[in-house]
Each structure stands twice: as structure tokens, then as C-alpha cells.
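Trainee: let's see this in three dimensions:
(one chain, ligands or ions: 1)
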Amino acid sequence: MSILTETKMTAMNLVAPRADQFQASAAVTADERARLRISDETAADIEARERLLDAAFGPSRFAKSSERLRVGRAPARGLALSAHLDGELVGTIRLWHIASQSGHAALLLGPVAVSAAKQSLGIGGALIREALERARARGHKAVILVGDEPYYRRFGFERRHTLALDMPGPVDPARFLGLELEAGALDGASGLLRPTGPRGQRLRAARTARLARAA
Ligand SMILES: CC(C)(COP(=O)(O)OP(=O)(O)OC[C@H]1O[C@@H](n2cnc3c(N)ncnc32)[C@H](O)[C@@H]1OP(=O)(O)O)[C@@H](O)C(=O)NCCC(=O)NCCS
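Mentor: Next comes the predicted model:
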């Protein structure tokens, strides 16, 4: 990447993660930290992101209950991020607008994935912390996800926030977690979660093009 391009991307909300965003892992070196860039996802990331997600989750990723809250929707503004190391896409995260039957607004976090060769360097943690900070800065009050509690508890996600909530499909209760960005934001949250974000065609178009090429 040229210095000029990098300067432009900095103006487009690109950050080098701070040292404290890497606290999940001691494995990352100062050199790797300096080379990692977290930025708003762009159209140029889509194909590499799809490959990364296929490798991380396989075809079953489209059958997840969380996918029912994402399909046909666009991610929340400013909350689709990519991690690049030396220009290569190595991580992705997206958050989505949702609301509970009880009328509580929240964001759904996921998918988040890091390429297999770059896992346990702190990239996933840096992506999640950056996304949560950006969500808080944008005034979002709560985040919900389906994922491994032993991983997500380090970011503050807890089971207790989703006890009265339902996913639109099967979910392992032990993996159904919530985080309040504002204290009390999920108090009284109950019932079925539904998508509330803007309709979006971008991912569907990219997937259709990919399937057409594979056929
Ligand atoms: C989960 C994932 C995003 C984490 O990214 P990462 O860059 O490897 O994460 P970090 O480097 O920030 O953290 C690594 C630490 O988390 C731990 N960890 C990773 N996945 C974990 C899990 N599912 N459960 C518990 N701990 C986990 C690692 O063992 C490591 O622990 P250590 O710091 O004590 O060595 C990545 O492993 C991944 O893409 N996995 C495949 C896709 C996936 O499962 N996504 C999450 C869907 S819910």
C-alpha cells in the first residue's frame, strides 16, 4: 500500500489498534501490531471476506439462526470492519440492527472470523474491541451474539442478559450472550429477536456472482 493510499484510508476511519486492544493475547509482536490495520469494510474486501468465512464456518454458516437476523439486511452503519495485515484481509466483523419483542434495540455481533493462519495473535480481540468502541461511540446501547462464552466473556458478554430472549431458530442457551454498552439497556428485554436494519443487497449480489462463477 502506498503512503498516499494509507493516508487516504486513515481519513476514512482506518486505525492501527491500540496496545490495550490486544490484551487477549500476549503472542502478538509490536511489529505485527504496527502492520495490522482495522478499517471500515469496503466493496474490495467482499470476495476475500467470503472466502475467509467459507473457510472458517463452511456452508453451514448460512443455516445459523443468526443468519435469519442478517439475511437481506445491511450491517449497521460504520460497524462492518476488516482487518488487514500487510494488505491481506485477515479478519472480519459485522454488527446488525435488531430489536426484541419487548422493544429493546440492540446490535447482533457476527460473524467474526480471523484467517486460520493468523489466529491467536490478538486480531479477533482487536476487531471485537474496536467494533464495540465504535458501537458505543455511535450511541448503541447493547450487543447480542451467539458464540462461545469462554471466548466472549473477556469482552463482557454474559448469559444473564439473554435469559428472556429468543432467537428466530434453534440456539444453544449456553452460547446466547449479551453485553450492555449502557448499564441497564437490556433490563426487561424479552421475546423474539427480529431484524430492524436497512434492507441490503450487497452481500446477496456478491454471493450470487460467486455461485454463478462456481457453476
Ligand atoms: C474466534 C476467533 C474470531 C478468534 O480470533 P483470534 O484472532 O484467534 O482471537 P484472539 O487472538 O484475540 O484470542 C485468542 C485467544 O482466544 C482463545 N479462543 C479462540 N477461540 C475460542 C473459543 N471458541 N473458545 C474459547 N477460547 C477461544 C484462544 O485459545 C486464545 O487464547 P489465549 O489468548 O489464551 O492463547 C477465531 O479463532 C476464528 O475466526 N475462529 C473461527 C470462526 C469462529 O469460530 N468465529 C466465532 C464465531 S462465534
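Trainee: for stretch 98-106, buried residues please.
Mentor: 98-100, 104, 106 (16 or more other CB atoms under 10 Å). Every residue, glycine included, has its C-beta placed from N, CA and C.
Trainee: contacting the ligand as well, which ones from those?
Mentor: Among the buried residues of stretch 98-106, none lies close to the ligand by the criterion of CB under 6 Å from any ligand atom.
Trainee: what's the average pLDDT for the longest strand anywhere in the chain?
Mentor: Secondary structure of the chain read by DSSP state E shows that its longest strand is strand 88-100. Across strand 88-100, the average pLDDT comes to 98.
Trainee: packing partners for that strand?
Mentor: If contacts are counted by 3 or more CB pairs under 8 Å, 6 or more residues apart in numbering; DSSP states H and E, strand 88-100 sits against helix 46-57, strand 80-85, strand 105-114, helix 123-137, strand 191-195.
Trainee: 6 Å - rerun?
Mentor: strand 80-85, strand 105-114, helix 123-137, strand 191-195 (3 or more CB pairs under 6 Å, 6 or more residues apart in numbering; DSSP states H and E).
Trainee: kindly reformat the ones you listed as CSV containing distance to Ala185 and mean pLDDT.
Mentor: Compiled in CSV, the helices and strands packed on strand 88-100 are given as follows (distance: least, CB to CB, whole Å; pLDDT from 0 to 100):
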stretch, distance to Ala185, mean pLDDT
strand 80-85, 22, 97
strand 105-114, 8, 98
helix 123-137, 11, 98
strand 191-195, 14, 98
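Trainee: mind putting the ones you listed in a markdown table, distance to Ala183 included?
Mentor: A markdown table is the format used below for those (distance: least, CB to CB, whole Å):
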| stretch | distance to Ala183 |
| --- | --- |
| strand 80-85 | 25 |
| strand 105-114 | 14 |
| helix 123-137 | 12 |
| strand 191-195 | 21 |
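Trainee: count the neighbours of the residue in the chain that the ligand sits nearest to for me.
Mentor: Using CB to the nearest ligand atom, Gly124 is the residue of the chain that sits closest to the ligand, at 2.2 Å. Gly124 is flanked by 21 other residues according to other CB atoms under 10 Å.
Trainee: report the contact partners of it.
Mentor: Contacts for Gly124 were tallied using CB atoms under 6 Å, 6 or more residues apart in numbering; they are Val114.
Trainee: next one: it from Val143, what distance?
Mentor: 15 Å (CB to CB, to the nearest Å).
Trainee: before we move on, what about His97?
Mentor: Note on His97: its distance to Val143, by CB to CB, is 11 Å.
Trainee: which of the two has more residues huddled nearby?
Mentor: More crowded of His97 and Val143, by other CB under 10 Å: Val143, with 30 against 21.
Trainee: up against the ligand, what does this protein have?
Mentor: Close to the ligand, as judged by CB under 6 Å from any ligand atom, the chain has residues 24-25, 56, 112-114, 119-125, 147-148, 150-151.
Trainee: filter these down to the buried ones, PyMOL style.
Mentor: Command for PyMOL that selects the buried part of those, burial taken from 16+ other CB under 10 Å:
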select buried, resi 24+56+112+113+114+119+121+122+123+124+125+147
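Trainee: who wins for proximity to Thr42 among the helices and strands packed on strand 88-100?
Mentor: Of all those, strand 80-85 sits nearest to Thr42, with 7.4 Å by CB to CB.
Trainee: give me the contact list for the closest one.
Mentor: Residues outside strand 80-85 that contact it (CB under 6 Å, 6+ apart): 35-39, 41, 45, 89-94, 123, 127, 131.
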